[in-house]
Every structure is written in C-alpha cells, then in structure tokens.
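Colleague: here is my input, please return the structure:
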Amino acid sequence: MEQREIKNVKTISEYHQIMGLPSPDHPLISVIDIGKHSLDGDSTVFSFSFYAIAIKRDFSGKMRYGQQEYDFDNGMMTFISPKQVFSFESNKKSCTSGWLILIHPDFMWNSTLATAIDQYEFFDYSTNEALFLSEKEENLIINIIQIIQQEYHTNLDGYSQEIIIAQIELLLKYAQRFYQRQFLTRSKANHEVLTQLESLLSEYFNGPNLTDKGMPSVQFVADALHLSPNYLSRLLQTLTGQSTKQFIQDKLIHLAKEKLTTTNLTISQIAYELGFDYPQSFTKLFRAKTNQSPLEFRKSFN
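Modeller: Predicted coordinates:
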C-alpha cells in the first residue's frame, strides 16, 4: 500500500466539513443518506476518533484497510472502530447509495453499549471481511437505520439517546447474526481459507521456523492469510469448533505424535525440535491435549 499521510478526524463535525456535508444535527452522532451526498474521499487515508457503520450499494471504487482492498458490491456492510486506518478510492462519476452512521464513544457514555460494543469483533475485521447482506437482511438493517434517522432528526428529548442506542445495539446484534450466517453460507471461500491454513502450517512445521522460532502465533497465521485474528478465529470456530490457537496446537501435537512413534529421539530432543524452550512446557501441553505424557504415549505403542 502506498504510504500516504493519514488524516486524523477527531470529531464528527470535522468529518462533515471535510466531506462538504451540512453540519450534523448532533455533535456525537450522525446519520448520512449516502444517496443524497457525494462522499468523495479523494483517496485520502483516514483515521477516525469515532465509530463508523456503513451499508453501501452500487459503489464504483475501492476501499482499503491495512494491506487489503475490496470492491464494493450491493448490500455490503463495513464497521470501523476508532483509530483504524482506511481509505476510499472512489470514482467521482459513480452513483453510490446507502447509509453511513457515525457514533462518537461519548454518545454511548453511561450506557451498557459503551462497554458492550467491544464485544462485537467485526469492528476489528478487515475490509475484505465485510458483511454481505441478502435483500431481506438489507431491508431489515435499513429499517433500523431509518428509525435511528427519524430520532436523529426529531428534536432530541430525554428519551432520544436511549432509543437511538437501543437501535444501534439491535443493528449490531443483527450484524452478528448475519456474520454467523455468512460463515456458513460462504462455505467454498471459507474452506479455501482452511485449506490455505493447512498448507501454511504444514510448510511452517516442516521447515526450520518451528525449531528456530517456536509455534506460530495467531497473529502470524492471520497475517499470512490476509485476515484479521478475530475473523479467522470466528471462522475456524464455525468450521472446526476450535479457535485458531487450538487449531495450531492440535497440528503441533499431531506432529509430536509422529515423532514419538516413528523416531528414537528423546522427549527433550522432540521438544526442542518443536520449538519449545523447555521440555516441561512440551510435556504440559501434550498432557493437556491427550491426557497422557509424551513418554506414556510412546510406551503405549511398544
């Protein structure tokens, strides 16, 4: 990705000003009908101090986050948390429709969502892990957004914030459900990720990295697959019932069993070959996974 200066946008009002939008009705939340406004980012790299939830259709352009880029398609949602770095590369002649909700963390202060929002892992997903919506799902999400918009444009009273936060929380819960559906329905692409992970670990375990650097970290594996750690872990939970760490450890134990049954290496030698600094650590993990010590496992084959 070409290195460009990052535009840090600290307030929602500042974002409106940059994008040539009218001033927001509320300093801590904004609901923008993209179909009525041009959001040409002019390839600017942004970092917000607030949350952004977007549902976009008919976008002729690209969005970048981290090392990945993605062409927008119909009915796709993205979630951006404060301090994430991303950019738009839009075609000025394109016709874009959809909605953009900007929420400053202070708007949620003193509500359960202030802390609960961190539980929605998709705010840490990369752009290429966006949520694809069916027409039915898209209509449901837009209905919620329009309720938020109605409250947003109404004169705010003592109930407005509570109602808006409740709708945002409902939107996030539906997004969580739809992501779970996406893990199941996009099975071909997801199983390709699983195949790539198998190959990656096989290459790593059969090369010098395992002995020299130890067991690969979740971050290393996720980076190699161009996925965020949370997305990869959630995907593996759906496909295999295991987290990424558990998946890696099970592959390592499988390799350990091969060495215990097909070589005369000592337990310590095997531990060092598998990247453990201390044989006791290897024995502890092996027992946790198999309910046997490595020595007990080897003896069971003699």
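Colleague: quick check: mean pLDDT of the longest helix along the chain?
Modeller: Ordering each helix of the chain by length in residues (DSSP state H) puts helix 160-185 first. Helix 160-185 shows a mean pLDDT of 91.
Colleague: and the next element down the chain from that helix?
Modeller: Counting by DSSP states H and E, the next helix or strand C-terminal to helix 160-185 is helix 187-205.
Colleague: how many neighbouring residues does Gln146 have?
Modeller: 14 (other C-beta atoms under 10 Å). Every residue, glycine included, has its C-beta placed from N, CA and C.
Colleague: for the stretch 1-150 of the chain, which segments count as strands?
Modeller: Counting by DSSP state E, counting those that start in this stretch, the stretch 1-150 of the chain has strands at residues 6-9, 29-33, 45-48, 51-57, 61-65, 68-71, 76-80, 85-90, 97-103, 131-132.
Colleague: of all the ones you listed, which one is nearest Lys299?
Modeller: strand 68-71 (48.9 Å; C-beta to C-beta).
Colleague: for the stretch 201-302 of the chain, which residues score under the pLDDT cut-off?
Modeller: 302 (pLDDT under 70).
Colleague: circling back: give the buried residues for the longest helix of the chain.
Modeller: 161, 164-169, 171-172, 174-175, 178-179, 182-183 (16 or more other C-beta atoms under 10 Å).
Colleague: list the helices and strands that helix packs on?
Modeller: helix 113-116, strand 131-132, helix 135-153, helix 229-240 (3 or more C-beta pairs under 8 Å, 6 or more residues apart in numbering; DSSP states H and E).
Colleague: between these, which one is closest to Ile53.
Modeller: Minimum separation from Ile53 across the helices and strands packed on helix 160-185 (C-beta to C-beta) falls at helix 135-153, 8.5 Å.
Colleague: just want the angle from that closest one to helix 160-185.
Modeller: Orientation check (axes from the mean of the first three to the mean of the last three C-alpha atoms, to 10 degrees): helix 135-153 against helix 160-185 gives 160 degrees.
Colleague: got a list of contacts for helix 135-153?
Modeller: 25-26, 29-31, 33, 55, 75, 77, 99, 101, 133, 160, 163-164, 167-168, 170-171, 174-175, 178 (C-beta atoms under 8 Å, 6 or more residues apart in numbering).
Colleague: if we can go back for a sec, just put the helices and strands packed on helix 160-185 in a markdown table and tack on distance to Phe297.
Modeller: What follows is these, written out as a markdown table (distance: least, C-beta to C-beta, whole Å):
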| stretch | distance to Phe297 |
| --- | --- |
| helix 113-116 | 44 |
| strand 131-132 | 44 |
| helix 135-153 | 48 |
| helix 229-240 | 23 |
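Colleague: figure out which of those is closest to Gly20.
Modeller: Using C-beta to C-beta, those put helix 135-153 closest to Gly20, at 19.6 Å.
Colleague: from the chain's centroid, how far away is that closest one?
Modeller: 23 Å (C-alpha atoms, centre = their mean, to the nearest Å).
Colleague: and what of stretch 277-291?
Modeller: 31 Å.
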